[in-house]
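Participant: no sequence for this one, just the structure:
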């Protein structure tokens with residue numbers, strides 16, 4: 001097989017490697033390892049991503065050059081922002097997010113956008129106007145970007161039987177067949193059942209409900225460039241003010257000097273009083289509270305703990321997807337996401353066993369690399 005952008009012959013695995021990690025961004029070294037060994041091309045792979053979350057944010061302040069320095073890159077990534085740096089590097093050209101019916105951070109869509117390095121700041125941004133990106137201040141007009149790569153994004157809902165619908169495997173087959181480039185299959189086990197751990201933070205203070213009001217973000221009224229740019233500026237200002245307050249709270253264990261003209265200051269002060277009334281000050285992590293708030297925009301993180309019957313429906317959809325897949329993936333990456341309570345801990349082993357069983361039924365797979373166990377024994 002020829003690398004369609006790299007003019008080199010790719011090697012083939014005798015059996016498909018499966019890499020299982022705990023935190024999703026830990027799959028990146030395995031993807032890069034297969035690029036280095038010439039099993040994956042340097043440019044343009046198709047990436048099929050089963051997950052309750054898009055994972056398509058970008059490390060907000062990371063210099064674009066870090067994508068070419070693996071140590072700096074790995075130190076900058078986390079579970080929500082590891083895919084787009086790979087797209088900027090050119091490794092991933094087509095992203096297919098396959099989501100369960102309860103995930104709404106990006107609705108079903110098919111679009112192309114550009115990702116590149118901002119001329120002024122040297123950071124990575126993109127010109128996609130989805131609220132998911134705009135609310136995180138990741139939008140930038142193409143004219144302000146260098147080293148631009150084009151990315152195809154498709155979002156497809158699977159498991160529609162849960163909502164009395166049906167799955168369109170013909171559409172998925174068509175999407176994957178758009179080109180003959182190598183395919184990476186990526187599965188987060190929280191696709192089948194997912195929790196929102198932030199909802200359980202400082203529950204006695206009703207923290208999450210209060211954060212949703214403080215961090216509220218209303219999506220732009222139109223896709224007009226000026227409207228989008230203003231939305232990004234306003235959101236940056238909002239988040240920066242909140243970050244400044246919570247950094248001060250964490251360091252000094254009290255509010256900064258009163259600013260009665262600032263509604264955000266008043267809202268955080270009320271929040272602080274309620275939390276301190278219910279919890280010991282020494283047990284409160286204000287930076288984690290801010291991180292939880294940053295997950296609140298127009299849509300909150302999904303939560304749906306699947307019943308046994310619902311799990312059976314999701315497993316059946318996954319099995320049918322594998323049968324409909326028009327070509328064999330080069331590698332399979334799996335994230336457990338159980339230590340941070342996205343995949344319910346009591347279900348993760350069973351879900352993993354089921355997924356591996358379906359993969360082995362459909363493909364000739366190597367024994368899984370259990371990276372998550374290596375971490376435990378280190």
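Facilitator: Alright, I've got the coordinates. On a predicted model such as this, the values are computed, not experimentally measured, just so you know.
Participant: Please name the residues that touch residue 348.
Facilitator: Taking Cβ atoms under 8 Å, 6 or more residues apart in numbering as the contact definition, residue 348 lies against 189, 336, 338. Placement of C-beta: from N, CA and C, glycine included.
Participant: okay, now the residue nearest to it when sequence neighbours are not counted: neighbour count?
Facilitator: Once its chain neighbours are removed from consideration, residue 348 has its nearest residue in residue 338; the separation is 4.1 Å (Cβ to Cβ, 6 or more residues apart in numbering). Number of residues near residue 338 (other Cβ atoms under 10 Å) recorded here: 22.
Participant: For the lengthiest helix in the chain, buried residues please.
Facilitator: Ordering each helix of the chain by length in residues (DSSP state H) puts helix 225-252 first. By neighbour count, and taking 16 or more other Cβ atoms under 10 Å as the criterion, the buried residues in helix 225-252 are 228, 231-232, 235, 238-239, 241-242, 245-246, 248-249.
Participant: What of stretch 52-67?
Facilitator: For stretch 52-67, burial by neighbour count (16+ other Cβ under 10 Å) applies to 52-59, 62, 64, 66-67.
Participant: which secondary structure elements does the longest strand seen in the chain contact?
Facilitator: When secondary structure is assigned using DSSP state E, the longest strand within the chain turns out to be strand 145-157. Here strand 145-157 is seen to pack against helix 83-88, strand 92-99, strand 109-118, helix 169-176 when contacts are counted using 3 or more Cβ pairs under 8 Å, 6 or more residues apart in numbering; DSSP states H and E.
Participant: can you pull the contacts of the nearest residue to residue 220 once chain neighbours are set aside?
Facilitator: The spatially closest residue to residue 220, leaving aside those adjacent along the chain, is residue 231, at 4.3 Å (Cβ to Cβ, 6+ apart). Residues in contact with residue 231, defined by Cβ under 8 Å, 6+ apart, are 134, 219-220.
Participant: Put together TSV for the residues you listed, with neighbour count on each row.
Facilitator: What follows is these, written out as TSV (neighbours: other Cβ atoms under 10 Å):
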residue	neighbour count
134	23
219	16
220	21
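Participant: which regions of the stretch 151-300 of the chain sit below the pLDDT cut-off?
Facilitator: Scanning the stretch 151-300 of the chain for pLDDT under 70 picks out nothing.
Participant: Now do the SS call for the residue nearest the centre of the chain.
Facilitator: In the chain, the C-alpha closest to the average C-alpha coordinate belongs to residue 55, at a distance of 0.9 Å (Cα atoms, centre = their mean). Taking DSSP: H, G, I helix; E, B strand; the rest coil as the rule, one finds residue 55 in the coil state.
Participant: Next up, the contacts around it.
Facilitator: Under the criterion of Cβ under 8 Å, 6+ apart, the contact list for residue 55 reads 24, 49, 79-83, 188.
Participant: what's the pLDDT at it?
Facilitator: Model confidence at residue 55, expressed as pLDDT, equals 98.
Participant: for the one 10 residues further on, same thing?
Facilitator: Reported pLDDT at residue 65 in the predicted model: 98.
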